[in-house]
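In: Provide a 3D model corresponding to the input given below.
(chains A and B)
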There are 2 protein chains.
Amino acid sequence: MESQINLRETLHHEIPLTGAMGIDVVDYKNNTLCLSAPLKLNANHKDTFFGGSLYTLAVTTGWGLMYLKMKELGYNGHVVINEGNIKYQLPVAADCLGVCHISDEQLHRIDKQMKRRGKAVISLDVRLGDSLDSEQVLFTGRYAIV
Amino acid sequence: MESQINLRETLHHEIPLTGAMGIDVVDYKNNTLCLSAPLKLNANHKDTFFGGSLYTLAVTTGWGLMYLKMKELGYNGHVVINEGNIKYQLPVAADCLGVCHISDEQLHRIDKQMKRRGKAVISLDVRLGDSLDSEQVLFTGRYAIV
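Out: Residues are numbered from 1 along each chain as shown, chains lettered A, B, ... in the order given. So this is what the prediction gives:
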């Protein structure tokens, strides 16, 4: 719960656009972060979720998960996005969730990279849609910890 | 000039997030659209342009160019984004420009597709950075006109 509140405050304070979009933290457990954003603040001309907002929710979900994990592992590195790919498979016509999971194996690999070189790179998948398991939009981001 | 004013109004009215980001129309001529967004409304924790804002400026620049071209060609189709890829090559630490060009050949192909099938698909490249010819960030979007 404390991590959730801190992440929301961090996002809105350090990346003001996430506040303008109404991005909130829904859940964080089992190496999985879920963020949300309301349709009302993110609609397009067809009254569905704007593609720019979907991407921003996705990139922020991956960023948020790495931010929390780096804190837990005891590293102070900045998390930055190097590359992003997004596929809009179906429109989202409701409030939207972004879900990102990182495996123990991925975390172990990052920990090794950080210990060896003081920096790391990781690819994370984020799925987006109007429920926790929907995949209306799929995102893959390549993040660096520097 | 009229096209520029209409596009800004259309963007801010139909996609409110573009207003929250301060996206503006800088120039439109020779099949090339240039949009801008201020760093102040789009900064991240490192005081450079937030990756979500860069993507949103890019996807909006491509969308805006297609919106204007469809109007000029006399079509009423909606322009929607199917897929987006973005590479962050260098951080942008100032107000940012997005530049998108469409060739006569691409326009001719769209016109043919619209006449034949009433819909079309096109890939557009957008470059972003702190000056008109900089390529600090590169975006490719696959748009459909439906």
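In: for chain B, what are the nearby residues on chain A?
Out: A:10, A:14-18, A:20-21, A:41-46, A:50-53, A:55-56, A:59-60, A:78, A:80-88 (CB under 8 Å from any CB of the partner chain). Bear in mind the C-beta positions are built from the backbone N, C-alpha and C, glycine included.
In: Report the central residue of chain A.
Out: A:Thr61 (1.0 Å; CA atoms, centre = their mean).
In: Could you pull up the residues touching A:Asn85?
Out: Residues in contact with A:Asn85, defined by CB atoms under 8 Å, 6 or more residues apart in numbering or on different chains, are A:Phe139, A:Thr140, A:Gly141, B:Glu83, B:Gly84, B:Asn85, B:Ile86.
In: now the helices for chain A?
Out: Shown for chain A, the helices assigned by DSSP state H span residues A:2-14, A:16-20, A:51-73, A:104-117.
In: Who are the packing partners of the second one?
Out: Packing contacts for helix A:16-20, counted by 3 or more CB pairs under 8 Å, 6 or more residues apart in numbering or on different chains; DSSP states H and E, involve helix A:2-14, helix A:51-73, helix B:16-20, helix B:51-73.
In: Now the ones you listed in JSON lines, please, with extra columns for distance to A:Glu135 and mean pLDDT.
Out: Compiled in JSON lines, the helices and strands packed on helix A:16-20 are given as follows (distance: least, CB to CB, whole Å; pLDDT from 0 to 100):
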{"stretch": "helix A:2-14", "distance to A:Glu135": "23", "mean pLDDT": "85"}
{"stretch": "helix A:51-73", "distance to A:Glu135": "12", "mean pLDDT": "97"}
{"stretch": "helix B:16-20", "distance to A:Glu135": "23", "mean pLDDT": "95"}
{"stretch": "helix B:51-73", "distance to A:Glu135": "20", "mean pLDDT": "97"}
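In: and of the contacts of A:Asn85, the nearest to A:Leu68?
Out: Of all the contacts of A:Asn85, A:Leu68 sits closest to A:Gly141, with 15.4 Å by CB to CB.
In: Isn't the closest one up against A:Gly98?
Out: No - using CB atoms under 8 Å, A:Gly141 is not in contact with A:Gly98; the gap is 11.1 Å.
In: any common contacting residues for these two?
Out: A:Ala58, A:Val126.
In: residues in contact with the closest residue to A:Phe50 other than its chain neighbours?
Out: Leaving out its chain neighbours, the residue that sits closest to A:Phe50 by CB to CB, 6 or more residues apart in numbering or on different chains is A:Asn44, at 4.1 Å. Contacts here follow CB under 8 Å, 6+ apart; on that basis A:Asn44 touches A:Phe50, A:Gly51, B:Glu14, B:Ile15.
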